[in-house]
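J.: Build me a model from this:
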Amino acid sequence: MKIRIKGDSVRFRLTQTEVKSLSENGKIYDSTNFGGQVFSYGVILKSDANLLRINFENNRVILEMPETIGKVWFENNIITYDHTMKTTSGNELYILLEKDFTCLDNTVEDQSDNYPNPKLS
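T.: Alright, predicted model coming up:
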């Protein structure tokens, strides 16, 4: 799972195995260890969610996805889900959740579990 944060936007990219695990188990997590602190992030399916929503507490970012769409995401061809969320401080936070495609350029990153890039066909 990759997470990219830029300004008031957060983007999660999931491999095929991660999308399948999310669909079957209802949650996936990962973390980055910075030595003295650990930054954790994940995606969970919520039965009471009707849109994507996100929370940040205790060095942890959790993206919540509606369970009804998350349970079938692995089986369908939908690539992305997104939502612009109004925060309690009044700003708008853009949230994007997407299937991770292989890159078109050379990279040292392992892409063996990424979705085939449609631009390569």
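
J.: ranges for the helices of the protein?
T.: Under the criterion DSSP state H, the chain carries helices at the ranges 16-25, 67-70.

J.: pLDDT score for D105?
T.: With respect to pLDDT, D105 scores 64.

J.: Next: S89.
T.: 89.

J.: I'd like to check which residues are in contact with it.
T.: Residues in contact with S89 (C-beta atoms under 8 Å, 6 or more residues apart in numbering): none are found. Yep, even glycine has a C-beta here, placed from its N, CA and C like the rest.

J.: Dihedrals phi and psi, it?
T.: phi -90, psi 0 (degrees, to the nearest 10).

J.: and it, how far is that from V38?
T.: 25 Å (C-beta to C-beta, to the nearest Å).

J.: tally of neighbours for L45?
T.: Per other C-beta atoms under 10 Å, the neighbour tally for L45 reads 20.

J.: who's in contact with it?
T.: L22, G26, K27, E64, M65, P66, E67, G70, K71.

J.: List the beta-bridge partners for I54.
T.: L63 (DSSP bridges).

J.: so R4 touches V10, yeah?
T.: Yes: using C-beta atoms under 8 Å, R4 makes contact with V10 at a distance of 7.4 Å.

J.: Look at these two and report which has more neighbours.
T.: V10 (21 against 10).

J.: got a list of what the closest residue to that one other than its chain neighbours touches?
T.: Nearest non-adjacent residue to V10, counting by C-beta to C-beta, 6 or more residues apart in numbering: I95, 5.6 Å away. Counting by C-beta under 8 Å, 6+ apart, I95 touches S9, V10, R11, L52, R53, I54, L63, D82, H83, T84, M85.

J.: Which one of those residues is nearest to E75?
T.: L52 (19.1 Å; C-beta to C-beta).

J.: Report the contact partners of that closest one.
T.: Residues in contact with L52 (C-beta under 8 Å, 6+ apart) are L63, E64, M65, P66, Y81, D82, H83, M85, I95, L97.
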